[in-house]
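[1] sequence-free structure coming up:
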């Protein structure tokens, strides 16, 4: 199933339908229904998927920054004065900005650059940073596992 999200968005539906057909033919009806329900990712979602696969450590750093920001926010809300909130907020902002730049590079390389795509990527990353997004977390774990086996994609450029 994860291989579907590696594909360019315009190839997603045909590949998904082929996988559904194959699984149904193998008697895996429940799995085929689950996969049939998957929708083609938007260009921005595709770019975030690519980031997760190519830059899992940067995604981890963003998720950790989100956790630090939540912790600092709880302190502020409980009346504890600290520069920690400002620092955590700034770190998360820098990480998001770096990841957006990387996503814009990925989109340009794929011929998918558009005015709104970068902002949609930013919105997605900002939404995931505070709590993590289940699918983003799972895919980052899988990408790190492949990277440890020598299967990383080798995208260049640090976040931030």
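    Received the coordinates, thanks. No experiment lies behind these values; they were computed from the predicted model shown.
[2] can you list the weak-confidence ranges in the protein?
    For the chain, the stretches with pLDDT under 70 are 129-160.
[3] that one: helices as residue ranges?
    Remark: helices assigned in the chain by DSSP state H are 2-6, 9-25, 29-36, 43-54, 56-77, 84-109, 117-131, 134-148.
[4] buried ones in the shortest one, by neighbour count?
    By 16 or more other CB atoms under 10 Å, the buried positions in helix 2-6 come out as 4-5. From N, CA and C alone the C-beta is placed, and that goes for glycine too.
[5] summarise which helices and strands it is packed against.
    The contact analysis (3 or more CB pairs under 8 Å, 6 or more residues apart in numbering; DSSP states H and E) places helix 2-6 against helix 9-25, helix 43-54, helix 134-148.
[6] contacts only, for residue 92.
    62, 65-66, 68-69, 129 (CB atoms under 8 Å, 6 or more residues apart in numbering).
[7] what do you get for residue 75?
    Contacts of residue 75 were listed using CB under 8 Å, 6+ apart, and they are 82, 84-85.
[8] now with 6 Å?
    Taking CB atoms under 6 Å, 6 or more residues apart in numbering as the criterion, residue 75 is in contact with residue 82.
[9] what's the distance between it and residue 62?
    Counting by CB to CB, to the nearest Å, the separation of residue 75 from residue 62 is 21 Å.
[10] what do you get for residue 1?
    Between residue 1 and residue 62 the distance is 24 Å, computed by CB to CB.
[11] same check, this time on residue 110
    Residue 110 sits 22 Å away from residue 62, taking CB to CB as the criterion.
[12] how about residue 24, nearest residue that isn't a chain neighbour?
    Spatially, and ignoring its direct neighbours in sequence, residue 24 is nearest to residue 32 (4.4 Å; CB to CB, 6 or more residues apart in numbering).
[13] then residue 91?
    Ranked by CB to CB, 6+ apart and with sequence neighbours excluded, the top spatial neighbour of residue 91 is residue 65, at 4.9 Å.
[14] can you check residue 31 too?
    Closest residue to residue 31 apart from its sequence neighbours, by CB to CB, 6+ apart: residue 23 at 5.3 Å.
[15] thought that neighbour was touching residue 32?
    Yes - between residue 23 and residue 32 there is a contact under CB atoms under 6 Å: 4.0 Å.
[16] from residue 8, how far out is the residue located most distally from the centre of the chain?
    Farthest-out residue of the chain from its mean C-alpha position, per CA atoms, centre = their mean: residue 79, at 33.8 Å. Residue 79 sits 51 Å away from residue 8, going by CB to CB.
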